[in-house]
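Enquirer: below is the structure, and that's it, no one-letter string:
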């Protein structure tokens, strides 16, 4: 067991259950195809990273997907909203003895190995690390001690999650470091214009 754990929150690849706003632009089947490419990108990015890795699924645990059970532990997300689900995943990780825990979502097509490695490096001398996304949320959050206060009193589908989290950190005098701001997969036109969207396997 490593002292570092990388948590990935993913949705099961079911049409009509992924990327509702994107599906409103291009249809459920096309949105699902794009989301599958996002999952493939995340797997390629994380496969050989030197950390323990855990995939948390939204609806049920996939036993034979691209996340090989030999390299990824698998769990089911639990909680009534995103904050509760994140809280429970971090709580489980620290209870298991991990010293530094980083969580990434599957919605950021720009995230790469460097952001994840930089996050773990930052946690050597700061309590928290955040990777802000262009939709007002964050694509990455990491901590070296469990901070449940970060997962309450947020409008998780709103545009101020990142700013509200920063306010929590400042108000409680918790040290933090920021990574580069990256694009979230919500506005399809922005995705197409970026020229960096992952290709199919």
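Expert: Received, thanks. Treat the numbers as computed from the prediction; the structure is a model and nothing was measured.

Enquirer: packing partners of the helix or strand containing residue 118?
Expert: Here residue 118 sits within helix 113-122, counting by DSSP states H and E. Counting by 3 or more Cβ pairs under 8 Å, 6 or more residues apart in numbering; DSSP states H and E, the packing neighbours recorded for helix 113-122 are helix 28-46, strand 100-105, strand 128-132, strand 138-143. (C-beta placed from N, C-alpha, C; glycine too.)

Enquirer: rerun at 10 Å
Expert: strand 4-10, helix 28-46, strand 100-105, strand 128-132, strand 138-143, strand 176-178 (3 or more Cβ pairs under 10 Å, 6 or more residues apart in numbering; DSSP states H and E).

Enquirer: which one of these lies nearest to residue 89?
Expert: strand 4-10 (5.5 Å; Cβ to Cβ).

Enquirer: and the closest one, what's its mean pLDDT?
Expert: Mean pLDDT, strand 4-10: 97.

Enquirer: buried residues in stretch 47-64?
Expert: 51-57, 62 (16 or more other Cβ atoms under 10 Å).

Enquirer: in space, what's closest to residue 8 - neighbours in sequence excluded?
Expert: residue 55 (5.0 Å; Cβ to Cβ, 6 or more residues apart in numbering).

Enquirer: can you tell me the element that neighbour falls in?
Expert: With DSSP H and E as the test, residue 55 turns up in strand 52-57.

Enquirer: for that strand, packing partners?
Expert: Counting by 3+ Cβ pairs under 10 Å, 6+ apart, strand 52-57 packs on strand 4-10, helix 28-46, strand 73-76, helix 82-95, strand 100-105.

Enquirer: the second one: how far from the chain's middle?
Expert: Averaging C-alpha coordinates over helix 28-46 and over its chain gives two centres that are 14 Å apart (Cα atoms, centre = their mean, to the nearest Å).

Enquirer: got the angle for it vs strand 4-10?
Expert: 170 degrees (axes from the mean of the first three to the mean of the last three Cα atoms, to 10 degrees).

Enquirer: with the last one instead?
Expert: Strand 100-105 runs at 20 degrees relative to strand 4-10, counting by the same axes, to 10 degrees.

Enquirer: now strand 100-105 against strand 52-57, angle please.
Expert: 40 degrees.

Enquirer: strand 100-105 to helix 113-122, inter-axis angle?
Expert: Going by the same axes, to 10 degrees, strand 100-105 makes 150 degrees with helix 113-122.

Enquirer: so what strands line up beside strand 100-105?
Expert: strand 4-10 (parallel), strand 138-143 (antiparallel) (DSSP bridges).

Enquirer: can you give me the buried ones in the last one?
Expert: By 16+ other Cβ under 10 Å, the buried positions in strand 138-143 come out as 138-143.

Enquirer: spatially, which two of these are the most separated?
Expert: Across these (Cβ to Cβ), the longest gap, 15.4 Å, separates 139 and 143.

Enquirer: CSV for the buried residues of strand 138-143, including distance to residue 119 and pLDDT?
Expert: As requested, those are exported to CSV (distance: Cβ to Cβ, whole Å; pLDDT from 0 to 100):
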residue, distance to residue 119, pLDDT
138, 11, 95
139, 10, 95
140, 6, 98
141, 9, 98
142, 5, 98
143, 10, 98
